[in-house]
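In: Whatever this is, show me its structure:
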Amino acid sequence: MKIRNVRWWIAGILFVLSVINYVDRQTLSILVPTIQADLQLSDQQYGNIVSLFLAAYTVSYLVSGRLVDALGARVGLTLFAGFWSLAQMATGLAHSAVSLGACRFLLGLGEAGGYTASPKIVAEWFPPKDRGLAVGLYGSGAAIGATLAPLLVVGVAAQFGWRSAFFVTGFVGLLLAAAWYLWYREPGELACLTEEERDTILAARRAEAAAAPSPPLGEWFRWRVILTNSGIWALMLARLLTDPVWYFFQFWMPKYLHTERAFTQSELASMWLIFVAADVGFFVSGLVAGALIRRGQAPRTARLRVMLGSAVLVPLAPLIAGAPTSAGVFGLAMVVVLAHTSWLVSISTYVLDYVPQPILSTAFGFIAAGSAVGGILMNQAVVWTIANLSYAYCFYAMVALHPVALLLLWRYTRRAWALEAAAKPSD
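Out: Numbering: from 1, shown residues only. So this is what the prediction gives:
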């Protein structure tokens, strides 16, 4: 049976995979008060476990992008989704800080692969004017997953115990990985694609390749052009600076509400409100950038304009610590998270516009590794800060991150990167 607009169905599957990715990631932070009490974990041990996840996430970003480029999106995404789902299920068997940390390390190795495969798939199926919305769609799965996690995880754990939450969510991920492998094919091979849409997609890919031809890349050359490009480094540093904001709200906001605002385990389900705002940010970014592109602005310029708006709003974060009521905390947190996820979609799509397709997943993985390194640094800084100062200083630190990152991008990525100009006959 032929299906129209198959590329949006594919984006929808990436969205669902992103949802379960973030449900798996959030399960621990949502249940941390219960798990800490059961396994006798200190805040330092919890912080170390989160850092283990992020360390594995960093390594996987550096490796998984290259694997996806080599294996293709079908096999690559299946491999990583299946692996992280098994790691999630194994977490339900943990009985100590060591075994819990090992399981979260394995989860990090798998989860990063979802975010190096997805941009490659979007670049293959979507023209530049629609890429922001497609990235926003699967990116919003992160916030939807984080929105559902408090409701789903707390509900399952309340009925069957905290370990069952890991088993259930991991099993769902395995089913999705199997479905992806059985159904997905490349644009020219997918049986349900209409002839008209296939011709349109393949013609667009040929036109894009003709506009920016790329030489065959050996392994040495692939990494040389990545590591010697100042724009790639600027994008990596921008992710390193700004992604810790998102990690803080995922991993530490529930503990902040529990410790500083006296929320009970069941009341932490209200975290879904913050992640609903994140969903809005994911979609707004793609819609606004797409509208600017349709009015004639260059894709990267449109995305920089959206990021400018985010860089103005995220610095409101310190007001959260001083808010006198829970309503004020949630309202301000929703504004900050909305602005940050809008930024995250824009910078992710900016990479698709900036990096040539032959090295896209590899380069995206290198850039995103900066995100995980920033998360590790943030995590250890938070552990020290709450032990020696207070949570308020964590919010103060968010003031300058996005403005500095925007200046880096403006300085080093304004000029288009022509990959063929860097090639030499000897390569």
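
In: Output the below-cut-off pLDDT ranges for the stretch 301-427 of the chain.
Out: Within the stretch 301-427 of the chain, the ranges that satisfy pLDDT under 70 run 357-358, 415-427.

In: er, the stretch 151-300 of the chain I mean
Out: Checking the stretch 151-300 of the chain against pLDDT under 70 turns up 187-222, 265.

In: where exactly do the helices run in it?
Out: For the stretch 151-300 of the chain, the helices defined by DSSP state H, counting those that start in this stretch cover 162-183, 195-211, 219-227, 230-251, 253-260, 272-294, 299-313.

In: most neighbours per residue, which of those?
Out: The highest average neighbour count among the helices of the stretch 151-300 of the chain, using mean count of other CB atoms under 10 Å, belongs to helix 230-251 at a mean of 23. All C-beta atoms are positioned from the backbone trio N, CA, C, and that covers glycine.

In: angle of it against helix 253-260?
Out: With axes from the mean of the first three to the mean of the last three CA atoms, to 10 degrees applied, the angle from helix 230-251 to helix 253-260 works out at 40 degrees.

In: Off-centre distance for helix 230-251?
Out: Offset of helix 230-251 from its chain centre (CA atoms, centre = their mean, to the nearest Å): 10 Å.

In: So for Thr34, what's the nearest residue that isn't a sequence neighbour?
Out: Excluding its sequence neighbours, the residue lying closest to Thr34 (CB to CB, 6 or more residues apart in numbering) is Trp162, at 5.2 Å.

In: closest to Ala55 out of the helices of the stretch 151-300 of the chain?
Out: helix 230-251 (12.9 Å; CB to CB).

In: so who does the residue nearest to Thr34 touch?
Out: With contact set as CB atoms under 8 Å, 6 or more residues apart in numbering, Trp162 has these partners: Leu31, Thr34, Ile35, Asp38.

In: can the helices of the stretch 151-300 of the chain go into a markdown table with extra columns for distance to Ala134?
Out: Converted to a markdown table, the helices of the stretch 151-300 of the chain look like this (distance: least, CB to CB, whole Å):
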| stretch | distance to Ala134 |
| --- | --- |
| helix 162-183 | 16 |
| helix 195-211 | 13 |
| helix 219-227 | 24 |
| helix 230-251 | 19 |
| helix 253-260 | 28 |
| helix 272-294 | 7 |
| helix 299-313 | 13 |
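
In: which strands and helices sit next to whatever helix or strand Thr385 lives in?
Out: Following DSSP states H and E, one finds Thr385 within helix 360-388. Under the contact criterion of 3 or more CB pairs under 8 Å, 6 or more residues apart in numbering; DSSP states H and E, helix 360-388 touches helix 43-71, helix 97-125, helix 219-227, helix 230-251, helix 326-354, helix 392-396.

In: I'd like the distance from the helix or strand following the first one to the chain centre, please.
Out: Going back to what we said before, that points to helix 43-71. Remark: after helix 43-71, the chain's next helix or strand is helix 73-91, criterion DSSP H and E. Centroid displacement of helix 73-91 relative to its chain, using CA atoms, centre = their mean, is 16 Å.

In: Could you do stretch 310-323 as well?
Out: Centroid separation for stretch 310-323 versus its chain: 22 Å, with CA atoms, centre = their mean.

In: Hmm, Arg131 is touching Val122, no?
Out: Yes. Here Arg131 reaches Val122: they are 5.6 Å apart, a contact under CB atoms under 8 Å.

In: what sits in contact with each of these two?
Out: Leu352.

In: Grab the CA positions of stretch 23-33 and hand them over as PDB.
Out: Only the C-alpha atoms of stretch 23-33 are listed here, as PDB (Å, rounded to 0.1, in the frame of the first residue of the first chain):
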ATOM      1  CA  VAL A  23      11.300   8.300  29.400                       C
ATOM      2  CA  ASP A  24      14.200   5.800  29.900                       C
ATOM      3  CA  ARG A  25      16.600   8.600  30.800                       C
ATOM      4  CA  GLN A  26      14.200  10.300  33.200                       C
ATOM      5  CA  THR A  27      13.100   7.200  35.100                       C
ATOM      6  CA  LEU A  28      16.000   7.400  37.500                       C
ATOM      7  CA  SER A  29      15.700  11.100  38.300                       C
ATOM      8  CA  ILE A  30      12.000  10.800  38.800                       C
ATOM      9  CA  LEU A  31      12.400   7.900  41.200                       C
ATOM     10  CA  VAL A  32      15.600   9.100  42.900                       C
ATOM     11  CA  PRO A  33      14.100   9.800  46.300                       C
END
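
In: Identify whichever of the helices of the stretch 151-300 of the chain lies nearest to Ile49.
Out: Nearest of the helices of the stretch 151-300 of the chain to Ile49, taken as CB to CB: helix 230-251 at 9.9 Å.

In: buried subset of the contacts of Trp162?
Out: Burial by neighbour count, 16 or more other CB atoms under 10 Å: within the contacts of Trp162 this picks out Leu31, Thr34, Ile35.

In: Looking at the residues you listed, spot the one nearest Val329.
Out: Val329 has its nearest neighbour among the buried ones among the contacts of Trp162 in Leu31, at 21.2 Å by CB to CB.

In: got the contact list for that closest one?
Out: Residues in contact with Leu31 (CB under 8 Å, 6+ apart) are Val153, Val154, Ala157, Trp162, Ala165, Gln265.

In: Grab the two from these that are most spread out in space.
Out: Farthest-apart pair in the contacts of Leu31 is Ala165 and Gln265; separation 12.4 Å (CB to CB).

In: ok, Ser96 - contacts?
Out: Contact analysis of Ser96 by CB under 8 Å, 6+ apart lists Leu39.

In: oh, I was asking about Ser99
Out: Counting by CB under 8 Å, 6+ apart, Ser99 touches Leu93.

In: distance of it from Gly92?
Out: To Gly92, Ser99 is 11 Å away according to CB to CB, to the nearest Å.
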